[in-house]
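*Asks:* got a predicted structure here, sequence first:
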Amino acid sequence: MTKKKIVGAKADSKGNITDVKLKGNQTFTPIEKAIRMTKQGKVDAVAVNPKNAKEHLRTRPDGKTNNNLDDMAGDK
């Protein structure tokens, strides 16, 4: 199974990522669903669950910044 790539993101007024757009999809996917899909191996990303913070997604590290979720959402 080919994992879906994240190609876009939306953020709320506080800068928190709320939705991501997966390659081939017309609509955005809520972040909670995208995290579940990542854990199931369906999305090419990393689910991060820090000790003192809310679980979130990160794109795979590759040295580029234009594919970071914050940049995709227009936060930087």
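*Replies:* Perfect, I can see it now. Numbering: from 1, shown residues only.
*Asks:* the closest residue to D12 other than its chain neighbours: which element?
*Replies:* Among residues not flanking D12 along the chain, T18 sits closest, at 5.1 Å (C-beta to C-beta, 6 or more residues apart in numbering). For every residue, glycine as well, the C-beta is placed using N, CA and C. Per DSSP states H and E: T18 is located in strand 17-22.
*Asks:* so who does the closest residue to M72 other than its chain neighbours touch?
*Replies:* Nearest non-adjacent residue to M72, counting by C-beta to C-beta, 6+ apart: A9, 4.0 Å away. By C-beta atoms under 8 Å, 6 or more residues apart in numbering, the contact set of A9 is I17, D19, V20, K21, L69, D70, M72, A73.
*Asks:* for the protein, which helix is longest?
*Replies:* Ranked by residue count and defined by DSSP state H, the top helix of the chain is helix 31-39.
*Asks:* so after it, what's the next helix or strand?
*Replies:* strand 46-48.
*Asks:* not counting its neighbours along the chain, what's nearest the residue nearest the centre of the chain?
*Replies:* In the chain, the residue lying closest to the centroid (C-alpha atoms, centre = their mean) is L57, at 4.8 Å. Spatial nearest neighbour of L57, chain neighbours left out: A45 (4.9 Å); criterion: C-beta to C-beta, 6+ apart.
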